[in-house]
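Q: sequence? don't have it. structure:
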């Protein structure tokens, strides 16, 4: 019986010990849970480079860098027009054909005239040859007559012949000399005739080439590489010299004309880079260049035309599209965060709270307070991995504010994850929970 009581006592003691141990573990677990701070929900944004200076947007309409009216250079009926609006053409490409029947006949006539003049030259050249042969005969006759005259003069001195015979021989020699001179003059005249007819051949050849050139005008070719903007004439129309056939546009570049107030024109300079956006390509930004600033302003509106040229390498841009132009400010881009990031750690003192309204900027763009020192503030940066992020407090130097944003002069880097809103008061090292509105790093 005593043994039974001893067994019951030992069992009761074991139950009591286990119960006390369980209660002790539960109390320790509750104490540990009460000592941990729950994660605070936060909205996170990415620090990025931006420019706080406001930029005025101007609108304009696109146009090709140049427009060319292709005109008929001669009179004729339009037989073919091989292009339509929107077609792309290359420089030298045949785009239209005029009737060339009349000009073909004119070319044949000019070629016949050239042949006739060349025949005249051949005849004159033959006459020169005949005249030169006559000169040779006259020279031989003169030489013979001169020799006879000398011989009869000697015989007359010797008394072998009468003086009358000697005088007749001298007269015949003088006559032969005159015939030689006449033959020589005839050669000179024939040579002049050859020169004159040769000049007529050259003149007629020039006429032939002119008519061939005029005939080539019946094929109308594109003077530039571009796009057909308008068909001015149609097949079958009778065209005169100077009539338009088509209009072409060169779209290797496009130009945009915008009107700028005379108060802002001082900010614009030649060859300045500008940002251009088109509603046709909303997610793409183009870079243009200021090519011309008009010296004449509208006397009523006081607006000055400015021409901007935009490269069009892919031929994406056309004519008549709306262009939105912003002139580059030239201000250096800075790290910019939402102004609410400063409020998470507590709003800074009053002198720096409205920098955009009255704070002056000194040095290298640093925001200066009443003491001439750059103002500082605290922001929370997210660190750690995706499973257990933490908020770490960082001291930063702040600059200008505008439109709910603040420039960070130092203390942050591009790409840092910054707390912009918090579900509770944050302290350095607090565990946080990123909301669905948070931006993710790229």
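A: That came through, no problem. A quick note: this is a predicted structure, and the numbers were derived from the prediction, not measured. Numbering: from 1, shown residues only.
Q: ranges for the helices of the stretch 51-200 of the chain?
A: Per DSSP state H, counting those that start in this stretch, the stretch 51-200 of the chain carries helices over the ranges 101-158, 163-216.
Q: quick check: angle from the first one to helix 163-216?
A: So the one you mean is helix 101-158. 170 degrees (axes from the mean of the first three to the mean of the last three Cα atoms, to 10 degrees).
Q: isn't residue 269 right next to residue 290, touching?
A: Yes. Using Cβ atoms under 8 Å, residue 269 is in contact with residue 290, at 6.8 Å. Placement of C-beta: from N, CA and C, glycine included.
Q: Of the helices of the stretch 51-200 of the chain, which is nearest residue 295?
A: helix 163-216 (42.0 Å; Cβ to Cβ).
Q: what helices or strands is that closest one leaning on?
A: helix 101-158 (3 or more Cβ pairs under 8 Å, 6 or more residues apart in numbering; DSSP states H and E).
Q: Enumerate every residue touching residue 316.
A: With contact set as Cβ atoms under 8 Å, 6 or more residues apart in numbering, residue 316 has these partners: 280-281.
Q: How about the one 3 residues further on?
A: Applying Cβ under 8 Å, 6+ apart, one finds that residue 319 lies in contact with 62-64, 229, 249, 251, 254.
Q: switch to 7 Å and redo it
A: 62-64, 249 (Cβ atoms under 7 Å, 6 or more residues apart in numbering).
Q: Buried among those? Make that a PyMOL selection.
A: Buried residues within those, by 16 or more other Cβ atoms under 10 Å, are selected in PyMOL with:
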select buried, resi 62+63+64+249
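Q: between the contacts of residue 319, which is closest to residue 322?
A: Nearest to residue 322 among those, with distances taken as Cβ to Cβ, is residue 62, at 8.0 Å.
Q: So that closest one sits against residue 317, correct?
A: Yes. Using Cβ atoms under 7 Å, residue 62 is in contact with residue 317, at 5.9 Å.
Q: Find residues that contact each of the two.
A: Joint contacts of residue 62 and residue 317 (Cβ under 7 Å, 6+ apart) are residue 254.
Q: on that earlier part again, okay, residue 269 and residue 290: which has more neighbours?
A: Ranked by neighbour count (other Cβ atoms under 10 Å), residue 269 and residue 290 place residue 290 first, with 19 against 10.
Q: Surely that one touches residue 276?
A: No. In this structure, residue 290 is not within contact of residue 276 by Cβ under 7 Å, at 11.2 Å.
Q: Spit out the residues that contact those two alike.
A: By the contact definition Cβ under 7 Å, 6+ apart, residue 290 and residue 276 are jointly contacted by residue 308.
Q: check contacts around the residue nearest to residue 184 when sequence neighbours are not counted.
A: The shortest distance from residue 184 to any residue other than its chain neighbours is 5.4 Å, reached at residue 135 (Cβ to Cβ, 6 or more residues apart in numbering). Residue 135 is in contact with 180, 183-184, 187, counting by Cβ under 7 Å, 6+ apart.
Q: Now pLDDT, neighbour count and distance to residue 241 too, for those residues, in CSV please.
A: Converted to CSV, the contacts of residue 135 look like this (pLDDT from 0 to 100; neighbours: other Cβ atoms under 10 Å; distance: Cβ to Cβ, whole Å):
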residue, pLDDT, neighbour count, distance to residue 241
180, 85, 21, 60
183, 85, 20, 55
184, 87, 15, 54
187, 85, 18, 49
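Q: And the closest residue to residue 200 other than its chain neighbours, how far from residue 105?
A: Setting aside the residues directly before and after it, residue 200 is nearest to residue 117 in space (Cβ to Cβ, 6+ apart), at 4.8 Å. Residue 117 is 19 Å from residue 105, where distance means Cβ to Cβ, to the nearest Å.
Q: thinking again about what came up before, quick one: contacts for the residue nearest to residue 200?
A: Neighbour list for residue 117: 197, 200-201, 204 [criterion: Cβ under 7 Å, 6+ apart].
Q: Give me the helices and strands touching the longest strand along the chain, please.
A: Counting residues, the longest strand found in the chain (DSSP state E) is strand 244-261. Contacts defined by 3 or more Cβ pairs under 7 Å, 6 or more residues apart in numbering; DSSP states H and E place strand 244-261 against strand 57-71, strand 226-231, strand 303-311, strand 322-327.
Q: Can you add distance to residue 310 and give the contacts of residue 319 back as JSON lines?
A: Converted to JSON lines, the contacts of residue 319 look like this (distance: Cβ to Cβ, whole Å):
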{"residue": "62", "distance to residue 310": "8"}
{"residue": "63", "distance to residue 310": "11"}
{"residue": "64", "distance to residue 310": "11"}
{"residue": "249", "distance to residue 310": "14"}
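Q: Closest to residue 153 out of the contacts of residue 319?
A: Distance to residue 153 across those (Cβ to Cβ) is lowest for residue 249, with 96.6 Å.
Q: correct me, but that closest one touches residue 65?
A: No. When contacts are counted by Cβ under 7 Å, residue 249 is not listed as touching residue 65 (8.2 Å).
Q: Grab the nearest non-local neighbour of residue 338.
A: Leaving aside its sequence neighbours, residue 338 sits nearest to residue 420 (Cβ to Cβ, 6+ apart; 4.6 Å).
Q: show me what contacts that neighbour?
A: Contacts of residue 420 (Cβ under 7 Å, 6+ apart): 43-45, 338, 340-341, 344.
Q: For ChimeraX, write the selection for the buried entries among those residues.
A: Selection of buried members from the contacts of residue 420 for ChimeraX, criterion 16+ other Cβ under 10 Å:
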select :43,44,45,338,340,341,344
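Q: Among the contacts of residue 420, which are located in strands?
A: Counting by DSSP E, these place 43-45, 338 in strands.
Q: mind putting those residues in TSV, pLDDT and distance to residue 131 included?
A: Output for the ones in strands among the contacts of residue 420, formatted as TSV (pLDDT from 0 to 100; distance: Cβ to Cβ, whole Å):
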residue	pLDDT	distance to residue 131
43	86	114
44	85	112
45	86	108
338	82	109
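Q: For residue 389, state which of those residues is nearest.
A: The shortest approach to residue 389 among the ones in strands among the contacts of residue 420 belongs to residue 44, at 8.5 Å (Cβ to Cβ).
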